[in-house]
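K.L.:
Just the structure for this:
(one chain, ligands or ions: 1)
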Amino acid sequence: MVVGSGIAGLTAALHAVASGCRVTLVTKDALEHANTRFAQGGIAGVMFDDDSAAAHLRDTLVAGAGLSDPEAARVLVDEGPARIRELIAWGVAFDREPAGGFVKGLEAAHSYPRVLHAGGDATGSAIERALVARVRAAAVRIVEQAFLRDLVVEAGRIVGVDLLVGDGSAPVRERIAADAVILATGGAG
Ligand SMILES: Cc1cc2nc3c(=O)[nH]c(=O)nc-3n(C[C@H](O)[C@H](O)[C@H](O)COP(=O)(O)OP(=O)(O)OC[C@H]3O[C@@H](n4cnc5c(N)ncnc54)[C@H](O)[C@@H]3O)c2cc1C
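P.N.:
Numbers count the residues shown, from 1 in each chain. Prediction:
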């Protein structure tokens, strides 16, 4: 069971299906509705030979002004390029120069132009669209307009989700059993 249909939930669902799991994805609105769709600034990753993971890590920690978890920043830097290549394989068309290379964006605290965009300032929209198409084509059961009310716990173990399903006027309570639940519901939500 995956809850949420932003970049995290859609990616988790695709990986779970590829690993042989039977996957249900529930989300509180339409599948394509998530903060991911509104992200404009692009994605930073070490995608060029004259850039380095050490420089990306340093820039990230400096921008974090001492508040970042260095281990989390290291995961971001080390795994980012593979995740970006995965998005490309799944159909996200990052902007390219006429000669074919990626357009390099220099933004914020980065000391190297390592920010990739898709559709200019519509990066999140391009990512959401590609991943939604991929999930719709995969063997994923999709339940939209389903608000996660609570997790169902038995003997100290999560065994499912307690949902309010419907468009808001007359939602219906529904429980779905699950061996494992991935919460991909975004930030404060
Ligand atoms: C305007 C804007 C600009 C941004 N610009 C950038 C940028 O340039 N670069 C960048 O890297 N990041 C940017 N971000 C941040 C980025 O969009 C988020 O970090 C990222 O999209 C989070 O993805 P997510 O999958 O974790 O969560 P989300 O995309 O927020 O998805 C959460 C999902 O969970 C669902 N959900 C939430 N609660 C429940 C519930 N109770 N029951 C069922 N479903 C639920 C939501 O409907 C949604 O589908 C921006 C964000 C915004 C809003």
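
K.L.:
distance between the ends of stretch 153-172?
P.N.:
Criterion C-alpha to C-alpha, to the nearest Å; first-to-last residue distance in stretch 153-172 is 20 Å.

K.L.:
Return the distance of it from the chain's centre.
P.N.:
Between the centre of stretch 153-172 and the centre of its chain there are 23 Å (C-alpha atoms, centre = their mean, to the nearest Å).

K.L.:
Could you give me the buried positions within that stretch?
P.N.:
Within stretch 153-172, the residues scored as buried using 16 or more other C-beta atoms under 10 Å are 160, 161, 163, 164, 165. Just so you know, the C-beta spots here come from the backbone N, C-alpha and C atoms, and that holds for glycine as well.

K.L.:
try stretch 66-76
P.N.:
Burial within stretch 66-76, assessed by neighbour count using 16+ other C-beta under 10 Å, is assigned to 68, 73, 74, 76.

K.L.:
can you list contacts of the longest helix seen in the chain?
P.N.:
As assigned by DSSP state H, the longest helix anywhere in the chain is helix 70-89. Residues outside helix 70-89 that contact it (C-beta atoms under 8 Å, 6 or more residues apart in numbering) are 11, 43-47, 53, 56-57, 60-61, 64, 94, 116, 127, 130-131.

K.L.:
just the helices in this structure please.
P.N.:
Per DSSP H, the chain carries helices over the ranges 7-18, 53-63, 70-89, 123-137.

K.L.:
hang on, the earlier thing: want to try JSON lines for the buried residues of stretch 153-172, with pLDDT and distance to the ligand as columns?
P.N.:
Below are the buried residues of stretch 153-172 laid out as JSON lines (pLDDT from 0 to 100; distance: C-beta to the nearest ligand atom, whole Å):
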{"residue": "160", "pLDDT": "98", "distance to the ligand": "14"}
{"residue": "161", "pLDDT": "98", "distance to the ligand": "9"}
{"residue": "163", "pLDDT": "98", "distance to the ligand": "8"}
{"residue": "164", "pLDDT": "97", "distance to the ligand": "9"}
{"residue": "165", "pLDDT": "97", "distance to the ligand": "10"}
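
K.L.:
Point out the ones among these that are inside strands.
P.N.:
The strands, defined by DSSP state E, take in 160, 161, 163, 164, 165 from those.

K.L.:
All good on my end, thank you.
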